[in-house]
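A.B. asks: predicted model follows, preceded by the sequence.
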Amino acid sequence: MLAKTGIDRLDELLKGGIPLKSNVLVYAPPFIGKEIILKRFALAGLKEGEKVIFVLTDKSFADLREEMIKLDKKFEEYEKNGMVRYIDVYSKSVELKEESEWAIFVDSPVNRERIASSIFQIQRQNFGKHRIVFDSLSTLIVYSDAKAVFRFLQVLSGICKRMEATSMFSMTRGMHDEMEVQTIKHLMDGVIEMREEGARFQLRVQGCGEVISRHWIDYLLEGEEIRLTGAFRMGRVA
Amino acid sequence: MIEIGLPKLDEYLNGIPDGKTVLFHIEPGMEESNIAMHVLYNNIKKGIKGIYVVSETSLKNVERKFAEYGCNIKEYDIIFIDGYSSLIGAPSDAEYIVEEPHDIRCYEDVLLEVFDKVEKGIVVFDSLSNLMDMCGERDALEGIERINNEISKAGHNGVYNFIAWPYKESILYRVRRIFNAIIEVKSLDAIGRQVMEIKKHDWGNGEGKKIEFKIFKPDGIRIYIPKITVIGPAKSGKTAFIKALSREFTSVDRLGTTVGIEHGIVDYKGYRAEIFGIPSYERFQPLIDKFGSSSMGVFLVIDATAPHTFQQAKEMLSKFQNLPCVIVANKSDLPNALSKEEIKNRMSIDAPVVEVNSVSKRGVYEAFEILANKIMECLNAG
C-alpha cells in the first residue's frame, strides 16, 4: 500500500507513492520547493479521505491555512469536516493570538514532550489512517540538539506506525552539520533530497521502498508546482 | 517534611523527609507531564517556599499553566529561576536568570545563591531531560548530583520531571542513582488510564506500590477510579446513596423509579471516582454483564429493613466476582433495620458491611473510603 505524494511524476518515480506508515524526510536548502512537496503530500491525503496533522514550527497555523486554500479551495471544507489538525509551535512564541478549534498550541520548540503528547492526543480520538506533515525538524534541532530530536523521533515514529500515520518531515540543508543529518536520516524510511545544481533544480530519492531511479532528477519550480522534467525510465537515466 | 498531595501515594511514601529528592520518571506523550508543578502547588499552598527552575518554556507560560489549575502564582512565595529566556534570546523579568543555559554550572551557581537566602524550600525542575539535552547528559547529571547534595545538606526538597526518552541504559542508570525516590509515571492503556509506581524509595519500603491517577482542570491531580458500579435490589436506595456521595449527579427517573444508568462523580480527600448506578430491572441485565468486566469495584446497596431481598442482592453480585466490594446497608437507622452483624450473617459474603443513612450522609464516605482502599490494594496485588 502506498501514499500518493500528489506530484504525478514523483509518484511515478516512486512507483505509486511512499509506503504507508513510513517516515520520509524532505531534505533541501531553503526556497527550492521543499514546502511544496509537503503541502502537496497533505492535499493528496485529504483528497483520498485521509486526515492530516500539521506540526508547524516556523509559521502560524493561520498562515499555513491561507497558503493551503490558495493551493486548493477545498481545503476549507476539509478543515470544516475535521480532517485537518494543527499543532502550532510558532504562534505562542511570537504572541499571535488567533485561535482555532482545530489547533493545539505548544509554547516552545524546546518542549518536545508537549509536541509529542499533542500528536498522541489527536491520534487517541479515533483518528484512523492519517498523514503527518512536520515542518520543520531543523527548528527543533537548533533549539536543542540532534540527539535529543533523535530520541523524540524514535518515540514518535514508533507510535505513529502503530497509529497508521504516514509522515513527512522537513529539514533545511545548510543549517546542520553532517553528523546531525545522518543521525536524523537514520530514523527515516526514506529521504527525498533536493539541491540546486548550477541553474538546475534536482531531486533524488533514497530509501522509500522500490523506486525507478535513485539518481538526481531535474525538476522545475513553477509557482506552487513542482514538475519533474528529468527522464527516469529504466536504463535511460538523465 | 513535604507531601506529593495524593493520599495513597503519600501513605506509601510516608511523606518526603527534608533533604530528600524525588524524580518523576515520565513516559513521553502523557496527557499532562508536568507532575512536579502539581507537587509544588500542593506544598506552597501550605506555606512552604517554592523554587521553580524553568528550562523548557517561558515564565509567562508557566504563569498561564498555574492559572489553569486555579493558582495565581503572584499570591504565593515562589522564586523563579529562568533558564529559558537566554536560550531563545528573549528578555526576562525573573529575579534569577541562568545566563548560559548550556552550562549546568550556571544553574548550580544561581541555585547556590538562592539557597543562601532560603531557609527551607521545595525546588522544582520542570524538565531534567531538557537540562540533559542542553548541557550534555553526563555533565548535567553530575551537576544535578551536586545540586542534590546541597539540597540534602540544607534540608530542602527537590522534585524533578524527567521525560523518559530512549536514553542509553548507562545514562538511565546514573539517573536512577542520584535521587532518593523515583516514581514512574506511565499510561496503562490506549484510552488514557495512567498510573504512578514507586520504583525507588530509599527512606521506606514503598517500592512497587502503584496508584491510578488523573489530572483535572482546574482541580489538579487526583487518585482516579474510573468506574465503580452500584447495584442492589429495587427500592434499596441506590439513587439516594449515589446522590449522597457525589459532587455531580445525573439520573433519569420516572415516578420515583430509576429507569436508566445513573452517574455520579465523587470528590473526596484527593480521590476522584466515577460511579455508575445500574437499575435493578431485568432488562438492564446485559448492562450488568458489560459493567462487571470493566468495573474496579462494587457497592452492593441493600435495604437493611428488607431481609427478604438479600438473596436477590447476592445473586446480583455474582456477576462481579473477584471485584472489591462493600455492602452498603441503607436505611440502617430505621427501627426495624437489621444490625451489621445480622446482615453479615445472612448475606454470608466476604465483604465489609457499612451502615449508611443516605439522607444524613452517615456512613456514606466511610463506605467510599473502605472501597477505595480495597481497590488500591487490588491494583497493587496485580
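C.D. replies: Now that the structure is in, tell me what you want to look at. A quick note: this is a predicted structure, and the numbers were derived from the prediction, not measured.
A.B. asks: just give me the residue right at the centre of chain A.
C.D. replies: Note on chain A: the residue nearest the mean C-alpha position is residue A:168, at 3.2 Å, using CA atoms, centre = their mean.
A.B. asks: check for me that it belongs to a strand.
C.D. replies: Yes. Secondary structure of residue A:168 (DSSP: H, G, I helix; E, B strand; the rest coil): part of a strand.
A.B. asks: can you give me the buried ones in stretch A:79-97?
C.D. replies: Within stretch A:79-97, the residues scored as buried using 16 or more other CB atoms under 10 Å in any protein chain shown are A:79, A:83, A:84, A:85, A:86, A:87, A:88, A:89, A:90, A:91, A:92, A:93. For every residue, glycine as well, the C-beta is placed using N, CA and C.
A.B. asks: got the CA positions of it in CSV?
C.D. replies: C-alpha atoms of stretch A:79-97 as CSV (Å, rounded to 0.1, in the frame of the first residue of the first chain):
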residue,chain,number,x,y,z
GLU,A,79,-10.9,21.6,7.7
LYS,A,80,-14.5,22.2,8.4
ASN,A,81,-15.1,18.4,8.3
GLY,A,82,-12.5,17.9,11.0
MET,A,83,-9.9,16.4,8.7
VAL,A,84,-7.2,18.9,9.4
ARG,A,85,-5.4,19.4,12.7
TYR,A,86,-2.6,21.8,13.5
ILE,A,87,0.0,21.7,16.2
ASP,A,88,1.2,25.2,16.2
VAL,A,89,4.6,25.6,17.8
TYR,A,90,5.0,29.1,16.5
SER,A,91,2.1,31.4,17.3
LYS,A,92,2.5,31.5,21.1
SER,A,93,6.2,32.2,20.9
VAL,A,94,5.6,35.3,18.8
GLU,A,95,2.5,36.3,20.8
LEU,A,96,0.0,35.7,18.0
LYS,A,97,-3.5,35.4,19.4
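A.B. asks: do that stretch and chain B meet at all?
C.D. replies: Yes. Using CB under 8 Å from any CB of the partner chain, we find that stretch A:79-97 touches chain B at A:92, A:93.
A.B. asks: now the stretch 1-150 of chain B against chain A: closest residue?
C.D. replies: Nearest residue of the stretch 1-150 of chain B to chain A, counting by CB to the nearest CB: residue B:133, 3.7 Å away.
A.B. asks: part of a strand, is that residue?
C.D. replies: No. In this structure, residue B:133 is helix, not part of a strand, as judged by three-state DSSP.
A.B. asks: quick one: residue A:202 is in a helix?
C.D. replies: No. Membership of residue A:202 in a helix is not supported by three-state DSSP, which gives strand.
A.B. asks: can you show me the strands along the stretch 51-200 of chain B?
C.D. replies: B:78-82, B:96-97, B:121-125, B:157-163, B:181-187, B:194-201 (DSSP state E, counting those that start in this stretch).
A.B. asks: also chain A?
C.D. replies: With strands called from DSSP state E, chain A shows them at A:2-3, A:18-19, A:23-28, A:51-56, A:84-88, A:103-105, A:130-135, A:165-172, A:190-197, A:200-207, A:217-222, A:225-228, A:232-233, A:236-237.
A.B. asks: who touches the third one?
C.D. replies: Here strand A:23-28 makes contact (CB atoms under 8 Å, 6 or more residues apart in numbering or on different chains) with A:18, A:34, A:37-38, A:137, A:153, A:157, A:160, A:167-173, A:181, A:184-185, A:187-195, A:203, A:207-208.
A.B. asks: the fifth one too?
C.D. replies: By CB under 8 Å, 6+ apart, the list of residues contacting strand A:84-88 from outside reads A:46, A:51-56, A:60-61, A:64-65, A:75, A:78, A:100, A:102-106, A:115, A:118-119, A:122.
A.B. asks: so which of those reach chain B?
C.D. replies: Among the contacts of strand A:84-88, chain B is touched by residue A:119 when using CB under 8 Å from any CB.
A.B. asks: of the contacts of strand A:84-88, grab the buried ones for ChimeraX.
C.D. replies: Only the buried members of the contacts of strand A:84-88 enter the following ChimeraX selection, criterion being 16+ other CB under 10 Å:
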select /A:46,51,52,53,54,55,56,60,61,64,65,75,78,102,103,104,105,106,115,118,119,122
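A.B. asks: point out where the chain drops to low pLDDT.
C.D. replies: Because you didn't say which chain, this covers chain A. For chain A, the stretches flagged by pLDDT under 70 are A:234-238.
A.B. asks: correction: the question concerned chain B.
C.D. replies: Along chain B, the parts satisfying pLDDT under 70 run over B:252-259, B:382.
A.B. asks: around chain A, pick out the residues from it.
C.D. replies: Contacts of chain B with chain A, taken as CB under 8 Å from any CB, map to B:28-33, B:55-58, B:61, B:84, B:87-88, B:127, B:129-130, B:133-134, B:163, B:165-167, B:190-192.
A.B. asks: chain A: helices as residue ranges?
C.D. replies: Secondary structure of chain A, counting by DSSP state H: helices at A:8-13, A:34-47, A:61-71, A:75-80, A:112-124, A:137-143, A:146-162, A:178-185.
A.B. asks: what's in contact with the second one?
C.D. replies: When you say that, I think you mean helix A:34-47. A:3-7, A:10, A:26, A:28, A:51-52, A:54, A:67-68, A:71-72, A:74-75, A:78, A:83-84, A:130-131, A:133, A:135, A:166, A:168, A:170, A:172, A:192, A:194, A:221, A:224-226.
A.B. asks: try the third one
C.D. replies: The set of residues external to helix A:61-71 that reach it, using CB under 8 Å, 6+ apart, is A:39-40, A:42-43, A:54, A:56, A:75-76, A:79, A:86, A:88, A:91, A:96, A:98, A:100, A:102-103, A:224.
A.B. asks: and that helix, what's buried?
C.D. replies: For helix A:61-71, the neighbour count (16+ other CB under 10 Å) marks A:61, A:62, A:63, A:64, A:65, A:68, A:71 as buried.
A.B. asks: repeat for stretch B:283-294
C.D. replies: Residues B:284, B:287, B:288, B:291, B:292 are the ones in stretch B:283-294 that count as buried (16+ other CB under 10 Å).
A.B. asks: could you identify the helix or strand that succeeds the helix or strand harbouring the third one?
C.D. replies: Secondary structure assigned from DSSP states H and E places residue B:288 in helix B:285-294. Beyond helix B:285-294 on the C-terminal side, the first helix or strand identified by DSSP H and E is strand B:297-303.
A.B. asks: next structured bit after that next one?
C.D. replies: helix B:310-317.
A.B. asks: other residues contacting that following helix?
C.D. replies: Residues outside helix B:310-317 that contact it (CB under 8 Å, 6+ apart) are B:231-233, B:236, B:280, B:288, B:298, B:300, B:302, B:325, B:343, B:346-347, B:349.
A.B. asks: same thing but 10 Å
C.D. replies: With contact meaning CB atoms under 10 Å, 6 or more residues apart in numbering or on different chains, helix B:310-317 is reached by B:231-234, B:236, B:278, B:280, B:285, B:288, B:292, B:298, B:300-304, B:306, B:309, B:323, B:325, B:327, B:338, B:343, B:346-349, B:351.
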